[in-house]
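1. Requesting a structural model of the entry that follows:
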Amino acid sequence: MKALEVNGVELAGELEGAGYLNRYNPSAPPIPKWKSRVNFGYHRSLYSLVSYLNYIPAYTNAGEPEDSDYRTIDRFATLDVSAYRHLPGGFDVTFSVLNLLDTDPPFVNWEAAFDGFTHSPKGRRLKFSITWHLEEGH
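-> Numbering: from 1, shown residues only. The predicted model follows:
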């Protein structure tokens, strides 16, 4: 990241922000080097089963000393699964389980004990939805 300057005054020096928590950087949120979301689906006639694997690799809390147990923020992976059924009359029914394995976010050594910009503290959640389409044929 380029240096943060306001009216010719440098407020924060240039730094590499990707892969770091950026706790003391006023212009950058936490930025893991990459995030991924892979989906797998099975579709047949009126039914669908879809799953999503969400993955964030480990990254560094540069604000912690080199020998600290809290310097590395562990990787985080969740699995979401949804089953879908199309019904007559333009109705669709979906049942989802988000964070199926009830994975807790990795520990971060700051007030909330997790990185709320990057990880979700929500455990396993169930979601049921019914959708109605005005026009049949969707």
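
2. Which neighbouring elements make contact with the helix or strand where Ala77 lies?
-> If you go by DSSP states H and E, Ala77 is part of strand 76-87. Under the contact definition 3 or more CB pairs under 8 Å, 6 or more residues apart in numbering; DSSP states H and E, strand 76-87 sits against strand 47-56, strand 91-98. In this view, the C-beta of every residue, glycine as well, is placed from N, C-alpha and C.

3. Can I get those strands in a markdown table including mean pLDDT and mean neighbour count?
-> Shown next, in a markdown table, are these (pLDDT from 0 to 100; neighbours: other CB atoms under 10 Å):
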| stretch | mean pLDDT | mean neighbour count |
| --- | --- | --- |
| strand 47-56 | 98 | 16 |
| strand 91-98 | 97 | 15 |
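
4. how about JSON lines for those strands, with distance to Asp67 added?
-> Compiled in JSON lines, the helices and strands packed on strand 76-87 are given as follows (distance: least, CB to CB, whole Å):
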{"stretch": "strand 47-56", "distance to Asp67": "24"}
{"stretch": "strand 91-98", "distance to Asp67": "37"}
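
5. So which of those strands is nearest Trp110?
-> Trp110 lies closest to strand 47-56 among the helices and strands packed on strand 76-87, at 17.1 Å (CB to CB).

6. Export the worst-scoring helix or strand of the chain on mean pLDDT to CSV, keeping only CA atoms.
-> When each helix and strand of the chain is scored by mean pLDDT, DSSP states H and E, strand 9-12 comes last, with a mean of 78. The C-alpha coordinates for strand 9-12 follow below in CSV (Å, rounded to 0.1, in the frame of the first residue of the first chain):
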residue,chain,number,x,y,z
VAL,A,9,2.0,15.2,5.7
GLU,A,10,2.6,11.5,5.9
LEU,A,11,0.2,9.9,8.4
ALA,A,12,1.2,6.3,7.7
